[in-house]
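In: here is my input, please return the structure:
(one chain, ligands or ions: 1)
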Amino acid sequence: MPLLEVKELNKSYNSEIQVLKNIEFSVGAGEFISIIGPSGAGKSTLLRCINRMVEIETGCVFFDGKDVGAQNKKDLRRLRTNIGMIFQHYNLVPRLTVIENVLHGRFGYKSTIGGVLGLFTEEEKQRAFDLLEKLGIAEQAYKRCDQLSGGQQQRVGICRALIQEPKLILCDEPIASLDPNSSKIIMDHLKQISTELGITCIVNLHQVEVAKDYAHRISGLKQGEVVFDGASPLLSQDKIEHIYGMETRELITV
Ligand SMILES: Nc1ncnc2c1ncn2[C@@H]1O[C@H](COP(=O)(O)OP(=O)(O)OP(=O)(O)O)[C@@H](O)[C@H]1O
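Out: Numbering: from 1, shown residues only. Take a look at the predicted model:
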């Protein structure tokens, strides 16, 4: 059974524009898959439907054997502990320290009051340090997040996702705000997470070449429809042109 199965998923924010059209998509445990497509194709919306950050309109998302759309609030919270999320703009709390931001990844395991009071076990704190060490930013642990570079902040974001002990990490354009060096560091870490820890990664990307370099499999979205889904080497120039239309040549040479 795949870890994630999306069936006949449709989504519109207001009934005028159909953002996702009948999406069929499944992802096995340990896969590293990239979703590409032009701006507005529905990549972020698809990721957000998977963990129900936006409500599913019709169709189903099955994660780890559970129907995401059918979960009540409490069960959805529990299910989300298994799904980490990494954002383009990091979504950290700027005035809090690095270690505090990482520990926020444990909120899903706490009672509301425990989370509010910041009650974390020694084991959790040690785990947070270990992760910061693994990502090469342990020396920043007590700095406020807003004192870090973009690349460092994204590494904090990765630690926050990992401390959840997720089965799946959804990455919504994780390198869109980063320079090439920092982008490489982040993509290398994501790849390592997938190969060493066996965590499934779905990564939305604007950079086709990066997707081809890192992902085993690429899914191409165009106007809310999956128009390509296959092994990365099969994404030929004409397939890319089909996904992007006129924008292609410009994107490819970036
Ligand atoms: N909260 C929202 N309310 C209304 N419309 C939205 C909302 N979020 C996204 N949209 C619309 O849905 C469509 C798809 O947006 P989405 O962000 O999913 O695309 P995307 O492929 O991720 O684009 P980008 O690469 O630019 O981030 C766009 O037309 C967008 O304007």
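In: next up, the contacts around residue 54.
Out: 11, 13, 45, 48 (Cβ atoms under 8 Å, 6 or more residues apart in numbering). Heads up, the C-betas are built off the backbone N, CA and C, glycines and all.
In: can you select the buried ones from the residues you listed in ChimeraX?
Out: Buried residues among the contacts of residue 54 (16 or more other Cβ atoms under 10 Å), as a ChimeraX selection:
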select :11,45,48
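In: which of the contacts of residue 54 are close to the ligand?
Out: 13, 45 (Cβ under 6 Å from any ligand atom).
In: in this structure, which spans are helices?
Out: 43-50, 73-80, 98-103, 112-116, 122-134, 150-162, 180-197, 208-214, 237-244, 248-252 (DSSP state H).
In: make a markdown table from those and add mean pLDDT to it.
Out: A markdown table is the format used below for the helices of the chain (pLDDT from 0 to 100):
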| stretch | mean pLDDT |
| --- | --- |
| helix 43-50 | 97 |
| helix 73-80 | 95 |
| helix 98-103 | 96 |
| helix 112-116 | 63 |
| helix 122-134 | 96 |
| helix 150-162 | 97 |
| helix 180-197 | 96 |
| helix 208-214 | 97 |
| helix 237-244 | 95 |
| helix 248-252 | 51 |
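In: let's have the ones you listed in a markdown table, adding distance to residue 173.
Out: Supplementary listing: the helices of the chain in a markdown table, determined by distance: least, Cβ to Cβ, whole Å:
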| stretch | distance to residue 173 |
| --- | --- |
| helix 43-50 | 8 |
| helix 73-80 | 20 |
| helix 98-103 | 19 |
| helix 112-116 | 28 |
| helix 122-134 | 22 |
| helix 150-162 | 11 |
| helix 180-197 | 11 |
| helix 208-214 | 11 |
| helix 237-244 | 16 |
| helix 248-252 | 14 |
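In: wait, which of those helices is closest to residue 222?
Out: When the helices of the chain are compared by Cβ to Cβ, helix 237-244 sits nearest residue 222, at 5.3 Å.
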